[in-house]
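Undergrad: With the sequence up front, the predicted model follows.
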Amino acid sequence: MPPTPYCGPPPSPEGLWSSWNFDPVVIAGLLVAALLLGMAGRLPLWSRAKTGAALLVLGIAFVSPLCALSSALFVARTLHHLLLVCLAAPLIALALPKVPRPGLGAVLTAAGLQAIVLWFWHAPSLYATALSSDAVYALMESTLLASSVLFWLVIRSASAPSAAFGLVLTMVQMGILGALLVFAGSAFYGPHLTTTASWSLTPLEDQQLSGLIMWAPAAGIYLTTALVLVGRWLGPDARPQAQTA
């Protein structure tokens, strides 16, 4: 018998909505964080709202049936990880105080660290190990979240040109990883070789869908953020020039 993933055995389509993860450690952690947030009266309301939203995202990722579905489908695992790195992480970073303005070197370091962690856990053997060991799974999830929080915190505090450069680099490396998954001639991830059929997908189709999500919409989040930052940076200079023209 293969080891059961942390999120539980792969569910069938009929049993998905009853496949909630009520791990007492996760539930207790989320409840304690929510309680501390409610008691943090000195925090600005907007910071508490962003932290509360991050806790909600983490609840969806680790408690809802998405967690169980990620045991069956690699595309669900991709969505699960994107919730961490593209939604929970920036919300947490926005709720934290800004760090002293980092230079381009710090931006590149944070972007490089996030990329290394992302690619590391997409190595087929390491991914399979994470799904067979709760301890390694916890390490995978915590390092993905922590490196992404660091990345977004640096991006938030950096100058617009440096932040945009880091975001574009992240978009490119995530797009490359997605393209590798899309154009691969075979399925890489052993844990999903026998779990996709009930969802009317072959393992390769499941992997290709994951790659498409990483290649286009996920990478687009970083590009959109870069464009917004550059637009705000150029905005004050553009308006006076337009008025004097």
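TA: Received the coordinates, thanks. For clarity, every value in this text was computed on a predicted model and none was experimentally measured.
Undergrad: List phi and psi for the spatially most central residue of the chain.
TA: By Cα atoms, centre = their mean, the mean C-alpha position of the chain lies nearest to residue 85, the distance being 2.3 Å. With angles defined as degrees, to the nearest 10, residue 85 shows backbone torsions of phi -80, psi -30.
Undergrad: Do you know the pLDDT at the residue found closest to it once you drop the neighbours it is linked to in the chain?
TA: Excluding its sequence neighbours, the residue lying closest to residue 85 (Cβ to Cβ, 6 or more residues apart in numbering) is residue 148, at 4.0 Å. Placement of C-beta: from N, CA and C, glycine included. pLDDT recorded at residue 148 is 97.
Undergrad: In this protein, where is pLDDT below threshold?
TA: Within the chain, the stretches with pLDDT under 70 are 1-2, 40-42, 236-245.
Undergrad: rerun that using 50 as the cut-off
TA: The model of the chain has pLDDT under 50 over residues 238-245.
Undergrad: hmm, back to that, measure how far the host helix or strand of the residue nearest to residue 85 is from the centre of its chain, please.
TA: Assigned by DSSP states H and E, residue 148 belongs to helix 134-157. In terms of Cα atoms, centre = their mean, to the nearest Å, the centre of helix 134-157 is found 8 Å from the chain centre.
Undergrad: Quick check: buried residues in that helix?
TA: 136-137, 140-141, 143-157 (16 or more other Cβ atoms under 10 Å).
Undergrad: just checking, what packs against that helix?
TA: For helix 134-157, the packing partners by 3 or more Cβ pairs under 8 Å, 6 or more residues apart in numbering; DSSP states H and E come out as helix 89-95, helix 104-121, helix 124-132, helix 160-183.
Undergrad: Which neighbouring elements make contact with the first one?
TA: Contacts defined by 3+ Cβ pairs under 8 Å, 6+ apart place helix 89-95 against helix 45-62, helix 134-157.
Undergrad: Export the ones you listed as JSON lines, with columns for distance to residue 196.
TA: JSON lines is the format used below for these (distance: least, Cβ to Cβ, whole Å):
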{"stretch": "helix 45-62", "distance to residue 196": "20"}
{"stretch": "helix 134-157", "distance to residue 196": "20"}
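Undergrad: which residues touch residue 120?
TA: By Cβ atoms under 8 Å, 6 or more residues apart in numbering, residue 120 lies in contact with residue 126.
Undergrad: any idea how far residue 172 is from it?
TA: Distance from residue 120 to residue 172, counting by Cβ to Cβ, to the nearest Å: 18 Å.
Undergrad: What of residue 131?
TA: 28 Å.
Undergrad: And those two? Which one has more around it.
TA: Using other Cβ atoms under 10 Å, the more surrounded residue of residue 131 and residue 172 is residue 131, with 23 against 14.
Undergrad: Isn't the more buried one up against residue 8?
TA: No: counting by Cβ atoms under 8 Å, residue 131 stays clear of residue 8, with 11.2 Å between them.
Undergrad: shared neighbours, these two?
TA: Both residue 131 and residue 8 are contacted by residue 71, under the criterion Cβ under 8 Å, 6+ apart.
Undergrad: Can you get me the start-to-end distance on stretch 77-89?
TA: Terminal residues of stretch 77-89 lie 17 Å apart, using Cα to Cα, to the nearest Å.
Undergrad: Counting neighbours, what do you get for residue 99?
TA: Using other Cβ under 10 Å, residue 99 is surrounded by 14 other residues.
Undergrad: Quick check: closest non-adjacent residue to it.
TA: Using Cβ to Cβ, 6+ apart, the closest residue to residue 99 is residue 157 (4.8 Å).
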